[in-house]
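*Asks:* What would the 3D arrangement of this be:
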Amino acid sequence: MADKQIPKTQKCIAVLWPSFLVAIVATGLFFSAFDPEDLYPFGEEAGVSRLGIYSIGFLCFWLTSTISGIGTLYFAITNCMAQDRGNPGQ
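*Replies:* Predicted coordinates:
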């Protein structure tokens, strides 16, 4: 079973790269529909530039999709480990 382990760097890349691409698309779609200046609560400025809001939005989308990818990776690996335990001869 030790020879079937996936390297940690490959796991990180398998999660971070697709989530990065999803964050790009999500940021583009979200800010195509909403103007960053309209997102201030109660119409008061928070002292963050338009570029800062785009950056914060991108990082939030990236974090959200990364958490989803980590969950998917966790369940895929635990499922494979459970199947290996069920079939020790293979």
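*Asks:* Can you report the mean pLDDT over the residues of the lengthiest helix in the chain?
*Replies:* Using DSSP state H, we find that the single longest helix of the chain is helix 50-86. The average of the pLDDT scores along helix 50-86 is 88.
*Asks:* Also stretch 17-25?
*Replies:* Mean pLDDT, computed over stretch 17-25, is 96.
*Asks:* circling back to that earlier point, which helices and strands does the longest helix of the chain pack with?
*Replies:* The contact analysis (3 or more Cβ pairs under 8 Å, 6 or more residues apart in numbering; DSSP states H and E) places helix 50-86 against helix 8-33. Where you see a C-beta, it was placed from the backbone N, CA and C, and this is true even at glycine.
*Asks:* What residues of the helix it packs on count as buried?
*Replies:* The neighbour-count check on helix 8-33 (16 or more other Cβ atoms under 10 Å) flags 11, 15, 19, 22-23, 26-27, 30-31 as buried.
*Asks:* now stretch 35-52
*Replies:* By neighbour count with 16+ other Cβ under 10 Å, stretch 35-52 contains the buried residues Pro36.
*Asks:* Could you do stretch 62-82 as well?
*Replies:* Those would be 62, 65-66, 69, for stretch 62-82 by 16+ other Cβ under 10 Å.
*Asks:* from these, which is closest to Ala76?
*Replies:* Ala76 has its nearest neighbour among these in Gly69, at 10.4 Å by Cβ to Cβ.
*Asks:* Now do the closest residue to that closest one other than its chain neighbours against Ile77, distance only.
*Replies:* Sequence neighbours aside, Val15 is the residue nearest to Gly69 in space, at 4.0 Å (criterion: Cβ to Cβ, 6 or more residues apart in numbering). Distance, Val15 to Ile77, by Cβ to Cβ, to the nearest Å: 12 Å.
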